[in-house]
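Asks: Mind looking at a prediction? Sequence and model below.
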Amino acid sequence: MNDFEKKVAVEYNSRFIKFGAQPKSSLWFSRERQNVRFDTIIYFLKKSSVPHFFSINDIGCGYGGFLSRLNANFGQYQFCYTGFDLARSPIEYCETVYKQKGVKFFCGSKPIEKADYSVMSGTFNYAPNLTVKSWKEYLFANLKSTWNMTKQSMIFNLMIAEEAKITRQFISFVEKEAVVKHCQKNFGDTQYHFSSKLPQELTFCVTRRRKSS
């Protein structure tokens with residue numbers, strides 16, 4: 001874990017200890033807005049012709065909110081799930097609360113096994129003490145390592161602005177065109193979804209191109 005990731009882990013650990021299993025521990029404003037993000041990811045899952053049984057890596061899983069939403073949309077035996085997070089406290093919470101078959105949690109920032117889908121909700125929003133340049137490098141490097149562990153689609157959301165920036169609260173913003181261009185060039189077919197309930201965000205879905213026969 002590098003110095004930046006250590007800072008992120010400390011912040012999310014302290015917030016989880018203070019607020020518990022609720023959106024504000026993950027720097028989200030409300031459960032409603034969080035569920036909009038989760039439902040957009042699930043929209044892309046369903047749109048991509050989810051197989052009868054699929055595997056999913058959730059990078060930056062926090063206290064397991066997305067897993068709860070998955071359970072509400074798919075049968076318990078329709079998928080296997082692995083959650084990853086830099087912060088130890090929410091991972092320990094998840095290991096205690098989520099006992100269902102096919103569910104695992106690990107402390108870390110990168111998948112350790114390939115999965116059909118990789119999802120990242122809010123994973124790259126918090127950027128303490130980074131420049132825009134170093135944050136972009138971190139973002140694209142992590143997308144690459146996650147893509148290498150993805151069989152079908154990689155789905156993630158980002159804060160969007162006309163010009164990349166990091167606010168005084170260390171919230172990162174990036175240009176839509178920069179993300180689309182990078183993903184199209186280096187990964188696969190790239191789509192994005194906008195919700196009026198989340199006016200400063202986009203959810204991107206990158207899907208592997210079918211090999212021509």
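Replies: Arrived safely.

Asks: For the chain, which residues score under the pLDDT cut-off?
Replies: 1, 50-51, 212-213 (pLDDT under 70).

Asks: which residues of it fall in strands?
Replies: Using DSSP state E, the strands of the chain run over 54-59, 79-85, 103-107, 115-120, 150-159, 165-166, 172-173, 189-193, 201-207.

Asks: Format those as CSV; extra columns: distance to Glu11 and mean neighbour count.
Replies: Any C-beta I mention is one placed from the backbone N, CA and C, and that applies to glycine too. Shown next, in CSV, are the strands of the chain (distance: least, C-beta to C-beta, whole Å; neighbours: other C-beta atoms under 10 Å):
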stretch, distance to Glu11, mean neighbour count
strand 54-59, 17, 23
strand 79-85, 12, 23
strand 103-107, 15, 18
strand 115-120, 17, 25
strand 150-159, 17, 22
strand 165-166, 15, 17
strand 172-173, 14, 21
strand 189-193, 28, 16
strand 201-207, 20, 22
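
Asks: can you list those in a markdown table and add distance to Arg37?
Replies: Formatted as a markdown table, the strands of the chain follow (distance: least, C-beta to C-beta, whole Å):
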| stretch | distance to Arg37 |
| --- | --- |
| strand 54-59 | 12 |
| strand 79-85 | 16 |
| strand 103-107 | 20 |
| strand 115-120 | 10 |
| strand 150-159 | 6 |
| strand 165-166 | 20 |
| strand 172-173 | 16 |
| strand 189-193 | 10 |
| strand 201-207 | 7 |
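
Asks: Among those strands, which comes closest to Thr131?
Replies: Closest to Thr131 of those is strand 165-166 (C-beta to C-beta; 7.6 Å).

Asks: Show me what the closest one is packed up against.
Replies: On a contact count with 3 or more C-beta pairs under 8 Å, 6 or more residues apart in numbering; DSSP states H and E, strand 165-166 meets helix 132-147, strand 172-173.

Asks: Which neighbouring elements make contact with the last one?
Replies: In other words, strand 172-173. In terms of contacts (3+ C-beta pairs under 8 Å, 6+ apart), strand 172-173 is packed against helix 132-147, strand 150-159, strand 165-166.

Asks: how far does that strand sit from the chain's center?
Replies: With C-alpha atoms, centre = their mean, to the nearest Å as the basis, strand 172-173 stands 15 Å off its chain's centre.

Asks: before we move on, what about stretch 159-173?
Replies: Here stretch 159-173 is found 17 Å from its chain centre; the criterion is C-alpha atoms, centre = their mean.

Asks: what sits against the residue nearest to Arg69 when sequence neighbours are not counted?
Replies: Once flanking residues are discounted, Arg69 sits nearest to Phe38: 4.1 Å by C-beta to C-beta, 6 or more residues apart in numbering. By C-beta atoms under 8 Å, 6 or more residues apart in numbering, the contact set of Phe38 is 65-66, 69, 121.

Asks: Test my guess that Phe84 contacts Cys61.
Replies: Yes. Between Phe84 and Cys61 a contact is recorded at 6.1 Å, counting by C-beta atoms under 8 Å.
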